[in-house]
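[1] pasting the sequence and the predicted model now:
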Amino acid sequence: MSAIVSIRSLLDGLLPRFSGLIVSMALLCAGAVAQDGPRSAKPQTIVFVCLHGSVKSQVATAHFNRIAKERGLPLVAVSRGIAVDTNIPASIRQGLAADGLTPPDDVPVPLASADTIGAIEVFAFDEVPNDRKGSREVTYWSDVPPATKDYVAARDAIVRHIEEAMTSLGKR
């Protein structure tokens, strides 16, 4: 019985010392949960498609993901191609690097109809074959100049489109 009394006395002596710490930690954890609540939801997917999956869709995906992250939006973009190249051109890697970004993929990825099924939006720079888009509606950004010839002009056009799209995407 005296051992129980000794342990209880010890706990009673320590509790006042640590109660402030315990309360502080609880509040800190509650704040972290409240702050991360909306962001902890599974992000919704956006698909960018260009002919080779190595240029415009890579630039769009890198910039979209940067902007979504800056705004705290639960959105993530992926880059896809129709007739994919085997690599991403050096000029695109250099352009993205100058913007503080990297290509989202090391090797371009071909578009499959499964990519569009789970996406909330599909943006394309080139015509997407029906068998690859399924029943998904595609928004075309055909006014973007060739990025391998003028990265800055292409990037600026792509970012302008992204900024316009973010207005409606952020409300979903």
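    Nice, I can see it. Numbering: from 1, shown residues only.

[2] quick check: closest non-adjacent residue to the most centrally placed residue in the chain.
    By C-alpha atoms, centre = their mean, the mean C-alpha position of the chain lies nearest to residue 76, the distance being 2.8 Å. Using C-beta to C-beta, 6 or more residues apart in numbering and skipping residues adjacent in sequence, the residue nearest residue 76 is residue 43, 4.3 Å away. Quick note: C-beta positions are derived from backbone N, CA and C, even for glycine.

[3] and the one you found, how far from residue 69?
    Distance check for residue 43 against residue 69: by C-beta to C-beta, to the nearest Å, it reads 10 Å.

[4] where do the strands sit along the protein?
    Using DSSP state E, the strands of the chain run over 44-50, 75-81, 119-124, 139-140.

[5] residues in contact with residue 75?
    Contact analysis of residue 75 by C-beta atoms under 8 Å, 6 or more residues apart in numbering lists 43-46, 64, 68, 120, 169.

[6] tell me how the chain divides into domains.
    Domain ranges of the chain: 2-36, 43-169, per automatic domain parsing.

[7] what's the most buried one of those domains?
    domain 43-169 (a mean of 18; mean count of other C-beta atoms under 10 Å).
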